[in-house]
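A.B. asks: need the 3D shape of this:
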Amino acid sequence: MQRTATPRETLHWDDVKLFLALCRARTVGHAAESLGVDASTVSRRLATLEEALSATLFDRGRDGIAATEAAESLMPVAEEMEAVMARFATAAEGLEREVAGLVRITCPPDVADVFVAPILSELTSRHPGLRIALDPGEAVLDLTRREADIALRTVRPARGDLVVTKVTTARWVAVAAPKVARSLGTLRAWADAPWVSWGERLANMAASRWLGKYARGVEPVVRSDSLSVQLSVVVAGVGVALVPEPSIAHYGLVPVKLGPELQEDAAAWPVDELYLVTHRALRDVPRVRAVWDLLLERGRTL
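C.D. replies: Down below sits the predicted model:
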């Protein structure tokens, strides 16, 4: 008599990755995109998985999929497996001996432009076997889930088995395109300038809070939650914005001249700290250490 295979014998790690992708994406299409396959493949593999488990994991609807009670009970175990696999991959990487392979860096877009991009030539010249994946964006990737190897962040991480080092401190100042700065002359009141600022979603940022306190009542001509967009708008000559000092020369901008009426406010310009972050288990992996050391070395000179 032929014995029926049990789920323990038929399930694989790829099945768990599929399950987690569906739980997090909530649509088959988004799950497929995150896994790098097409939607029909995800649907077929999900059907096979549910058959192996003899359980329905997701209810299908017009708006996507929803986890069933069975899926919700499996989710914590699947996340434990994911964490174990991440630790295994990290331990395997620790066996490296040469500075070679891919290092994934995540950071804000302006940090990528002003700080990271200019040192890549030196980095790859020193280590020809090194490859860099640079992910500039506002989203914070999870280093514990191996979404990136190194992060540059303006907020110090409070949780996770991470190594965190402060790279530099950057002050934000009011700047404009040279032509706009000349036309404004010496600014006597913050309301005398056309401002480019943040939207409500990032109202708690230090730069946004400074404007709310010292330029109270000023209505910006342009709002954007992307600093890259703000920089493009200011470079185009639309108005004045608070910008980190290391970015000023890089984008061809100049500080706005301030009259004595505004000097006291300017003494309280907002300040950001830039932190270099990696997972503790990756800190001494040769390819990660090479990138870390140069970022730290160059960051001290900003």
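
A.B. asks: out of everything not next to it in sequence, what's closest to residue 266?
C.D. replies: residue 258 (5.6 Å; C-beta to C-beta, 6 or more residues apart in numbering). Placement of C-beta: from N, CA and C, glycine included.

A.B. asks: quick check: bridge partners of the one you found?
C.D. replies: On the basis of DSSP bridges, residue 258 is bridged to residue 187.

A.B. asks: do I have it right that it meets residue 176?
C.D. replies: No. If you go by C-beta atoms under 8 Å, residue 258 and residue 176 don't touch, sitting 12.0 Å apart.

A.B. asks: how far away is residue 252 from residue 91?
C.D. replies: 47 Å (C-beta to C-beta, to the nearest Å).

A.B. asks: hang on, I meant residue 184
C.D. replies: For residue 184 relative to residue 91 (C-beta to C-beta), the value is 58 Å.

A.B. asks: count of neighbours near residue 115?
C.D. replies: When counting by other C-beta atoms under 10 Å, one arrives at 23 neighbours for residue 115.

A.B. asks: residues contacting it?
C.D. replies: Residues in contact with residue 115, defined by C-beta atoms under 8 Å, 6 or more residues apart in numbering, are 107, 152, 246, 274, 295, 298-299, 302.

A.B. asks: show me which of the residues you listed are buried.
C.D. replies: Those of the contacts of residue 115 that meet the buried threshold are 107, 152, 246, 274, 295, 298-299, by 16 or more other C-beta atoms under 10 Å.

A.B. asks: about what we covered before: which one's more surrounded, residue 258 and residue 176?
C.D. replies: Neighbour totals were compared for residue 258 and residue 176, and residue 176 leads with 26 against 16 (other C-beta under 10 Å).

A.B. asks: OK, contacts around that one?
C.D. replies: 184, 193, 234, 237, 239-241, 253-254, 256 are the contacts of residue 176 under C-beta under 8 Å, 6+ apart.

A.B. asks: now those residues: which count as buried?
C.D. replies: 184, 193, 234, 239-241, 253, 256.

A.B. asks: relative to residue 126, which of the residues you listed is nearest.
C.D. replies: Checking the buried ones among the contacts of residue 176 against residue 126 with C-beta to C-beta, the nearest one is residue 253 at 31.5 Å.

A.B. asks: now the helices for the stretch 201-302 of the chain?
C.D. replies: All helices of the stretch 201-302 of the chain, identified by DSSP state H, counting those that start in this stretch, fall at 206-214, 227-235, 245-250, 260-266, 286-299.

A.B. asks: what segments of the stretch 101-250 of the chain are strands?
C.D. replies: Secondary structure of the stretch 101-250 of the chain (DSSP state E, counting those that start in this stretch): strands located at 101-107, 130-136, 150-153, 162-176, 186-187, 196-197, 222-223, 241-244.
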